[in-house]
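Trainee: would you be able to build a 3D model of this:
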Amino acid sequence: MQQPSRAAVLSGRSGGGKSTVLERLASRGFPPVDEPGRRVVRHELRVGGQALPWLDGPGFAQHCIDEALADLVGHDNGQWVFFDRGLVDANTALRHYAGSSWCSVDELQSYHQRVFLTLPWRELYVGDDEWQLGFGDAVGEYSRLLGAYDELGYTITVLPRVSVTERTDRIFTELGFV
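Mentor: Numbers count the residues shown, from 1 in each chain. Next up, the predicted model:
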């Protein structure tokens, strides 16, 4: 019998407190895998590329899929690892921008059964050079992600708007760490 995946996903759009939770997880010995979308945007801005969500959504999403697939292969060592978003998020973006899906269901179901989503939180939402989309876009993306993870049969825990300690403790409890 195959062991369940220890690749846990923390998903949700910018402005949900994801980064703060991931920093707390790292301080407890679980360094995260950085978000593919941020890495793609940083690279494209550095090289003057066009695969940016506000210029070429499908190209951006495809690059994110490539990054997320590489992340999964690079972290298949049996240890718990927390992904700041991942393949399902990238594939959901491609479906949104291009109306098509690139990944197989098996690939999309590579993560631990339980996924964690952060709600868009207006008070935390801050746009920057890397994310030039508004809060309304974050809310729309959150809805698409919730639907995608549900369609794939994941058990979804929506992290409430509480302290970072309470959110982190909830993750540990749900995964059976405590």
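
Trainee: worst-scoring helix or strand of this protein, pLDDT-wise?
Mentor: Between all helices and strands in the chain, the lowest mean by mean pLDDT, DSSP states H and E belongs to helix 135-151, at a mean of 84.

Trainee: which stretches of this protein form helices?
Mentor: Counting by DSSP state H, residue ranges of the helices within the chain are 18-27, 36-47, 57-74, 87-98, 105-108, 135-151, 164-174.

Trainee: buried ones in the last one?
Mentor: By neighbour count, and taking 16 or more other Cβ atoms under 10 Å as the criterion, the buried residues in helix 164-174 are 167-168, 170-171, 174. Every residue, glycine included, has its C-beta placed from N, CA and C.

Trainee: what's the neighbour count on L159?
Mentor: Using other Cβ atoms under 10 Å, L159 has 22 other residues around it.

Trainee: how close does it get to D169?
Mentor: With the distance defined as Cβ to Cβ, to the nearest Å, L159 ends up 11 Å from D169.

Trainee: of all the helices of the chain, which lies closest to A7?
Mentor: Nearest to A7 among the helices of the chain is helix 57-74 (6.7 Å), distances taken as Cβ to Cβ.

Trainee: which other helices and strands contact that closest one?
Mentor: The contact analysis (3 or more Cβ pairs under 8 Å, 6 or more residues apart in numbering; DSSP states H and E) places helix 57-74 against helix 36-47, helix 87-98.
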